[in-house]
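Engineer: Just to be clear, the model below is a prediction. Sequence and coordinates:
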Amino acid sequence: MVEIGVVQHIASMWFDGPLRFVDQVCLRSMAASGMDVTLFTYGDVTNVPTGITVRDGNEILDRSLVKRLVPIAKKAQAAWLPTVQFSDFFRVFLQKAGEEKIWLDTDVLLFQPFEFDLSQVYFARESKVGIGASVFYLPPKHPIIAEYERLLEQDDLTPDWLEFKRRVVRPAFYKLTRTAFSPSDLGITIYGNEAFRSLARRHGVFGQARPKYTFYHWTGSQCEDVYKAVPWSFFYDDPKHIGLHIHKKTEDALHPEVGSLWHSAMVKYA
């Protein structure tokens with residue numbers, strides 16, 4: 001069953017280096033659905049699955065932004081946090097470019113093809129109060145995009161949409177302890193999940209978020225269920241389930257229980 005809409009084009013991004021096993025399986029599930037899938041990269045990614053179109057990410061967003069996203073206080077995160085936060089900007093500027101592609105993280109397992117309306121936002125709730133960043137589309141001139149454009153024009157990348165903990169508490173702690181910090185130190189998701197949650201409310205589209213079951217049926221303590229032999233056929237039997245964000249990329253992804261959803265996906269797509 002395909003939802004009413006206009007196009008069926010997916011885009012994702014992998015900065016550089018080899019894809020993880022989880023991403024390879026999920027990308028293959030996207031391609032197998034019959035949807036057009038493009039992977040933007042910034043380096044040599046040698047293990048992209050067959051059927052995926054590869055393009056230069058600099059067409060969308062210059063990689064130099066990564067240098068502005070380096071944490072100062074949390075030095076242990078410097079090796080990976082800049083590219084994680086860069087991907088949050090990338091998915092927004094993908095929409096600005098008018099590519100007519102919906103963003104899916106590389107670790108979204110797709111159960112069926114789906115369509116989306118180019119004139120409407122498309123994202124889903126990850127919880128009662130939160131919006132997931134793993135599935136994301138905005139019309140090219142949406143005001144949320146303008147928020148990110150203005151942010152990049154600032155010398156300081158501290159956004160004005162931060163919630164109390166990251167806007168007040170965390171900066172106060174750093175100042176009290178005389179710890180140098182950068183905006184990236186305020187939280188991993190300040191340009192992603194937290195941003196989309198806050199900005200969707202600011203611009204009146206929070207209520208348009210799809211139900212949690214569309215892409216985030218298993219979250220929190222249930223994330224590990226994907227690797228366990230628990231019932232999962234409903235994901236394919238009930239068309240309300242479109243895909244599933246594989247949140248936990250643990251060693252279980254390589255050694256899931258026989259009879260689990262992930263074991264089935266491995267057999268089918270590995």
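Structural biologist: Perfect, thanks for sending it.
Engineer: which other residues reach the longest helix along the chain?
Structural biologist: Ranked by residue count and defined by DSSP state H, the top helix of the chain is helix 81-96. The contact list for helix 81-96 (Cβ atoms under 8 Å, 6 or more residues apart in numbering) reads 11, 13, 15, 40, 57, 60-61, 63, 65-67, 69-71, 74, 101, 103, 133, 136-140, 142, 144-145, 148-149, 152, 184, 188-192, 195. For every residue, glycine as well, the C-beta is placed using N, CA and C.
Engineer: Buried ones among the residues you listed?
Structural biologist: Buried members of these, scored by 16 or more other Cβ atoms under 10 Å, are 11, 13, 15, 40, 57, 60-61, 63, 65-66, 69-71, 101, 103, 133, 136-139, 142, 144-145, 148, 184, 188-192, 195.
Engineer: Identify those among these that sit within helices.
Structural biologist: Using DSSP H, the buried ones among the contacts of helix 81-96 in helices are 144-145, 148, 195.
Engineer: if I pick Pro211, what's in contact with it?
Structural biologist: The contact partners of Pro211, taken as Cβ under 8 Å, 6+ apart, are 124-125, 240.
Engineer: Dump those to a markdown table, plus secondary structure.
Structural biologist: Listed next are these as a markdown table, based on DSSP: H, G, I helix; E, B strand; the rest coil:
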| residue | secondary structure |
| --- | --- |
| Ala124 | strand |
| Arg125 | strand |
| Lys240 | coil |
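Engineer: closest to Leu254 among those?
Structural biologist: Nearest to Leu254 among the contacts of Pro211: Ala124, at 27.6 Å, using Cβ to Cβ.
Engineer: which of the residues in stretch 44-62 are buried?
Structural biologist: Within stretch 44-62, the residues that count as buried by 16+ other Cβ under 10 Å are 45, 48-49, 52, 57, 60-61.
Engineer: Pull the longest helix of the chain out as CSV, backbone CA atoms only.
Structural biologist: Listed next in CSV are the C-alpha coordinates belonging to helix 81-96 (Å, rounded to 0.1, in the frame of the first residue of the first chain):
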residue,chain,number,x,y,z
LEU,A,81,30.2,14.6,16.8
PRO,A,82,31.0,17.2,14.0
THR,A,83,29.9,14.8,11.2
VAL,A,84,26.7,13.8,13.2
GLN,A,85,25.7,17.5,13.6
PHE,A,86,26.8,18.2,10.0
SER,A,87,24.2,15.6,8.8
ASP,A,88,21.5,17.6,10.7
PHE,A,89,22.3,20.6,8.6
PHE,A,90,22.7,18.6,5.5
ARG,A,91,19.2,17.2,5.6
VAL,A,92,17.8,20.7,5.9
PHE,A,93,19.8,22.1,3.1
LEU,A,94,18.9,19.1,0.9
GLN,A,95,15.4,20.5,1.1
LYS,A,96,16.5,24.0,0.3
